[in-house]
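Asker: generate a structure from the sequence data that follows.
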Amino acid sequence: GVKLGSDVLATAFVLSLVGGVLGLLGTFALIWQLSGDYALAVLSEFVLGCLGQYLYYGSAESTDMLAAGLQICVLALLVYAGTKRRWAMLAGMVAGLAYLIRYTASLTIILCAVYLLTVAVARRERLWAMACAVFLVGAALGGSPQLIASIILKGNPFYNTQGHNLWFTLTGSVDYLNDWRAV
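Answerer: Purely as a prediction, here's the structure:
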């Protein structure tokens, strides 16, 4: 990081704080969409912001909180979107980006797909099933750098090694800093 002219820990800290803010905004939007009550949404956001665990991860020097904040925003987008395909695609792409950052987003992708399919079955509306398909396509597009590298190297799109490390293996890299810039 020093050689590249950036402070890696400071950058990770800022990304973590951004993830914390996204998590708070996503929580507000989700509660507001589910309940329709502005005061409850503000209270929920306030309570979440006061939790010690949330504050710890929101100020940690890693990107875990960024992935978590994006995942909360995905849920809020899907609840807002309903059957709107553009929003479902956006939610899927954000979920795919979260998957690139942290593998736990794969659980969010699965749960969101189950949510959309459950609503489709309960309401007997094909539009919800289409929204699920669009969401999954968006998630595949968002996570494609990881999925493609995993398929090429391991034959399994869901291999749990970070995408840039797979690309290093694929290209036969030895110089981490220069190759990271190239990737």
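Asker: from I148, how far off is the spatially most central residue of the chain?
Answerer: The residue lying closest to the centre of the chain (Cα atoms, centre = their mean) is A98, at 2.4 Å. Going from A98 to I148 by Cβ to Cβ, to the nearest Å gives 17 Å. Backbone N, C-alpha and C define where each C-beta goes, glycine included.
Asker: what residue ranges in the protein score low on pLDDT?
Answerer: 1-9, 52-62, 158-183 (pLDDT under 70).
Asker: mind listing the helices for it?
Answerer: With helices called from DSSP state H, the chain shows them at 8-35, 38-50, 52-58, 64-81, 85-101, 105-123, 126-142, 144-154, 163-171, 176-182.
Asker: show me what the fourth one packs onto, helices and strands only.
Answerer: Contacts of helix 64-81 with other secondary structure elements, assessed using 3 or more Cβ pairs under 8 Å, 6 or more residues apart in numbering; DSSP states H and E, are made with helix 8-35, helix 52-58, helix 85-101, helix 105-123.
Asker: name the stretch among those that sits most buried.
Answerer: helix 85-101 (a mean of 23; mean count of other Cβ atoms under 10 Å).
Asker: name the helices or strands packed onto it?
Answerer: Using 3+ Cβ pairs under 8 Å, 6+ apart as the test, helix 85-101 ends up in contact with helix 64-81, helix 105-123, helix 126-142, helix 144-154.
Asker: need these in CSV (columns: distance to Q33).
Answerer: Converted to CSV, those look like this (distance: least, Cβ to Cβ, whole Å):
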stretch, distance to Q33
helix 64-81, 4
helix 105-123, 13
helix 126-142, 15
helix 144-154, 29
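Asker: so which of those helices comes closest to F46?
Answerer: Proximity to F46 (Cβ to Cβ) singles out helix 64-81 among those, at 15.4 Å.
Asker: and the closest one, C-alpha only, in PDB?
Answerer: Extracted in PDB, the C-alpha atoms of helix 64-81 (Å, rounded to 0.1, in the frame of the first residue of the first chain):
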ATOM      1  CA  ASP A  64     -16.800  -6.800   6.100                       C
ATOM      2  CA  MET A  65     -19.100  -3.900   7.100                       C
ATOM      3  CA  LEU A  66     -19.200  -2.600   3.500                       C
ATOM      4  CA  ALA A  67     -20.500  -6.000   2.400                       C
ATOM      5  CA  ALA A  68     -23.000  -6.100   5.300                       C
ATOM      6  CA  GLY A  69     -24.200  -2.600   4.500                       C
ATOM      7  CA  LEU A  70     -24.700  -3.500   0.800                       C
ATOM      8  CA  GLN A  71     -26.600  -6.600   1.800                       C
ATOM      9  CA  ILE A  72     -29.000  -4.600   4.000                       C
ATOM     10  CA  CYS A  73     -29.600  -2.200   1.100                       C
ATOM     11  CA  VAL A  74     -30.300  -5.200  -1.200                       C
ATOM     12  CA  LEU A  75     -33.200  -6.300   1.100                       C
ATOM     13  CA  ALA A  76     -34.500  -2.700   1.200                       C
ATOM     14  CA  LEU A  77     -34.400  -2.500  -2.600                       C
ATOM     15  CA  LEU A  78     -36.300  -5.700  -3.100                       C
ATOM     16  CA  VAL A  79     -39.000  -4.800  -0.600                       C
ATOM     17  CA  TYR A  80     -39.300  -1.500  -2.400                       C
ATOM     18  CA  ALA A  81     -39.100  -3.000  -5.900                       C
END
